[in-house]
Every structure is written in structure tokens, then in C-alpha cells.
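In: Sequence below, structure please.
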Amino acid sequence: MSKIIFFGNEQLAQGIKAQTPIFDALIARHYDICALVLPAARLRKPFVIAQRAAALQIPIHYVASAREIPAITRQYQADLGVLAAFGKIIPQDIIDSFPCGIVNVHPSLLPRYRGTTPIETALLNHDDTTGVSIMRLTAQMDAGPILAQKSLPIPADATKQALYESLAQLGAQLLIDILPGVLAKNAPEKPQDDTEATFTTKLEKDLSELKFAQKAAQRLADEVRAYAGFPKSKTILLGTPCTITAAHAAPVAQTELDQLCADQQYLVIDRLLPANSKEMDAKSFLNGFKH
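Out: Just a heads-up that it's a prediction; the model follows:
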């Protein structure tokens, strides 16, 4: 049985509740995951994937830098690495130390949306289609040859959490489909066209302010979806600081909470989280929360 080291926490987007469908799919097919390698981080509670690995008595290693990885790989002599949201660049000599290399599950149709925020970027750009790519890892970020790729429509009302879950499940299935060929070293692969590459950017906390006077309503509605969980979408409504958790664009206002935007359309507030309160819909806020 081939041995696999799993790199990453499956946190394919920021601010989502991570699940472990990729890791679980490998376990369900009886692949031998000999170790889990995670980026060192200060957490209030363990990664979900760490809890899964601990329950299965799979050794867990936390690394602060890629320099710590060779000692781990020498210890286990694994055939293959599988990576899903590791967050660190792995040097080529470490990749080459695996007889079958390292494969990466990336939630976009590469070479489109290389980088750390492809799910958020697809929502921000109001794309109607995204997908998953399984690629061979190289030292250059998300630039390795494609082993498998499949598109996925984005529903108009898709939340970031729901889109993440769909893409993670799709990625798990694609990985299972191509692994026999990868381990047999006969899997077909296709180089990426670097001239077609686009790149995503890291999300920062200062993106959270909803700028009604400067942006179109649809753009702000897309921000609400893309920034859910982190960095969030914040404003002040009726004197109360609020995080907007669901909204849509419309030509007319529906309640006094709705905001006129730069394109003379309204951002209609569907759901919100007032400071020091629980999440609620706009009607509940107006009926019982306003001062």
C-alpha cells in the first residue's frame, strides 16, 4: 500500500467552517496516510482535520517554515504528498523527494485564479462558473501541470460556505479518480498556459467597510458573500454597528435599512448581525432592535 503525507487543513477559503472531505475520501478508500503536516498557528481550538487525524491515530506535525519538512519526509518515506490549503511554498527539492511527487487540490479552473483566495475572487467577480483543478505541485505558486479539472456552476444565491463545500467535495472526487494513475506514474497531465494566468490577492481586515457612495450595489452584494466570515462586511445602521451577512441588489428599497449605492441601485439588507446581539433578518432588527 502506497504511503501518503497529507499537507494542509482543507481551509480552502477564509472565514468558512472547514470540513475534511478530501482527507476523509482518502481514508475511506484505505489509502495509508502516514502523517498530517499543518502550518503552525495559534488557534482557540484545533483544526477539524487535526481532530480527525488524532482520532485515527495519524501523527500530526506542525511546521513554522518549509525548512522543517525534510525531517518529516525522511521519517516516513512516503510515496506521495497530497496538499489542500497548506499556506506555505514547498521548495522543489522537497517535492522531488517524493517518488510520485505532491499533488495539490486547488478550487479554481487554473491557470485562472492562482493564489490563496480563488473562491472569494470568483464571488467578488460575480462569476457564474468556477471549478477544481488537481495539479502537480511545483515551487512556483499554482503553476504545475494539470492532472484533472472540472467546472462547477455558481448559483446566484450561493454563499461562500456552500460554494466551498461543493468545491471541496468535487475536489475529493477528482483526487480519488486520478490517484491510481499518479501512484502508477502514468497519469496524463497538461501544462498550464502561463500567459493565461490570473492571480488572487490576500484578504485584509480593512476591506470590511461597505462603501455605498463609491461602489455599485451588485458589487457590494458580491462583497457580502465573498467576505462572509472574514473580513466580513460592516456598516452602521440606525446608529448600530452591524455586520451584514446577506444582501442583494435591487432598483428600489424594501426597508429603511437599505442603502442607495453609487449606481443609484439599492443594497437590500436581508440579514445582519448587530453588535452584541445574534444574527437576524431586517424585519426583526427594525421591529425590536433599533434604538
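In: quick one: strands adjacent to the biggest strand by length in the chain?
Out: If you go by DSSP state E, the chain has its longest strand at strand 240-250. Paired neighbours of strand 240-250 in the sheet (DSSP bridges): strand 234-237 (antiparallel), strand 266-274 (antiparallel).
In: Can I get the shortest one in CSV, CA atoms only?
Out: Below are the C-alpha coordinates for strand 234-237, written out as CSV (Å, rounded to 0.1, in the frame of the first residue of the first chain):
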residue,chain,number,x,y,z
LYS,A,234,-19.6,46.1,8.2
THR,A,235,-21.5,49.3,8.4
ILE,A,236,-23.6,51.3,10.8
LEU,A,237,-27.4,51.1,10.6
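In: Let me see the mean pLDDT of that strand.
Out: The average pLDDT for strand 234-237 rounds to 96.
In: ok, Asp263 - how many residues close by?
Out: Asp263: 13 surrounding residues under other Cβ atoms under 10 Å. All C-beta atoms are positioned from the backbone trio N, CA, C, and that covers glycine.
In: mind checking the longest helix of the chain?
Out: helix 160-184 (DSSP state H).
In: Check which residues of it are buried.
Out: Buried positions in helix 160-184, judged by neighbour count with 16 or more other Cβ atoms under 10 Å: 160-161, 163-172, 174-175, 178-179, 182-183.
In: so where is this protein shaky, pLDDT-wise?
Out: In the predicted model, the chain carries pLDDT under 70 at residues 289-291.
In: Recalculate using a threshold of 50.
Out: 290-291 (pLDDT under 50).
In: what's Pro145 in contact with, if anything?
Out: By Cβ atoms under 8 Å, 6 or more residues apart in numbering, the contact list for Pro145 reads Met135, Arg136, Glu189, Lys190, Pro191, Gln192.
In: same thing but 6 Å
Out: Neighbouring residues of Pro145 by Cβ atoms under 6 Å, 6 or more residues apart in numbering: Arg136, Glu189, Lys190, Pro191.
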